[in-house]
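In: next one to model:
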Amino acid sequence: MNVLVVDVGGTHVKLLATGQSEPRKFVSGPTLTAEQMVAGAKEVARDWNYDVVAIGYPGPVLHGRPIAEPHNLVPGWVGFDYQAALGRPVKVINDAAMQALGSYEGGKMLFLGLGTGLGSTMIVEGIVEPMELGHLPYRKRTYEDYVGLRGLERVGEKKWRRYVADVVARLIAALEPDDVVLGGGNFKKLKKLPAGCRAGDNDNAFLGGFRLWEEAGDGNHSTRAKIGSR
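Out: Numbers count the residues shown, from 1 in each chain. Take a look at the predicted model:
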């Protein structure tokens, strides 16, 4: 079974299919609609063979369906029929959960994605638990407002790094994970990783999408990680 993985981000939509070595991407941005995402994905992957699709969605997902609109894209994603539009069976999972699934090595892992917002997922003994920690209150705003792209642009890299270190320490203290993975488009701007963390790889999102179809999960809150799959 050939899988097309579509990772929907706030700045780009990235794609990779089974048997391909080089991901492809196209620009997303705050005006991207679900229809435009699907059209772009079909165009970019037009010469790839795939039987099924895994979509990493930048928002909450329950039972394989988005249940809230993305914070960094226009509305219209909830209720959209991705399977009909793509013409293939589709599994949708939160984008941070998809990258976490590809990063998981066992135990109790916390994944934090430093991107347009703050993605967050726990995996406990193979069970994926997507979370929305980025929208919890922090200082005068939310975690996402300080360690996401808006915070980076507002305060600059030096202060942003201090906020990242503080937020990561708070979340580790609260959640007590065995393993902490930092990923997302901006984590490479850190001069050093916070204590107790390891670096993720954005390409792990693709591995997570492949794992989503290789394991008999349904792409939602109870997805079970399949360790070592590719």
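In: verify the contact between G102 and E214 for me.
Out: No: counting by Cβ atoms under 8 Å, G102 stays clear of E214, with 11.4 Å between them. C-beta here means a position set from N, CA and C on the backbone, and glycine is covered the same way.
In: which one's more surrounded, these two?
Out: Taking other Cβ atoms under 10 Å, G102 and E214 do not tie; G102 has more neighbours (28 against 14).
In: so where's this structure shaky on pLDDT?
Out: The chain contains residues with pLDDT under 70 at 215-230.
In: mind running it again at 90?
Out: Applying pLDDT under 90 to the chain flags the ranges 9-11, 59, 71-72, 115-116, 130, 132, 184-185, 201-203, 214-230.
In: all strands for it, in order.
Out: Secondary structure of the chain (DSSP state E): strands located at 3-8, 12-17, 24-27, 52-57, 61-62, 65-66, 90-94, 108-114, 118-124, 127-131, 137-138, 141-142, 179-183, 197-199.
In: adjacent strands (with direction) for the fifth one?
Out: Just to be clear, that refers to strand 61-62. Strand pairing for strand 61-62, using DSSP bridges, gives strand 65-66 (antiparallel).
In: for the fourth one, same thing?
Out: Sheet partners assigned to strand 52-57 using DSSP bridges are listed as strand 3-8 (parallel), strand 90-94 (parallel).
In: quick check: longest helix of the protein.
Out: Longest helix in the chain, counting residues (DSSP state H): helix 149-175.
In: what are the buried residues along it?
Out: For helix 149-175, a neighbour-count test (16 or more other Cβ atoms under 10 Å) marks 149-152, 160-161, 163-168, 171-172 as buried.
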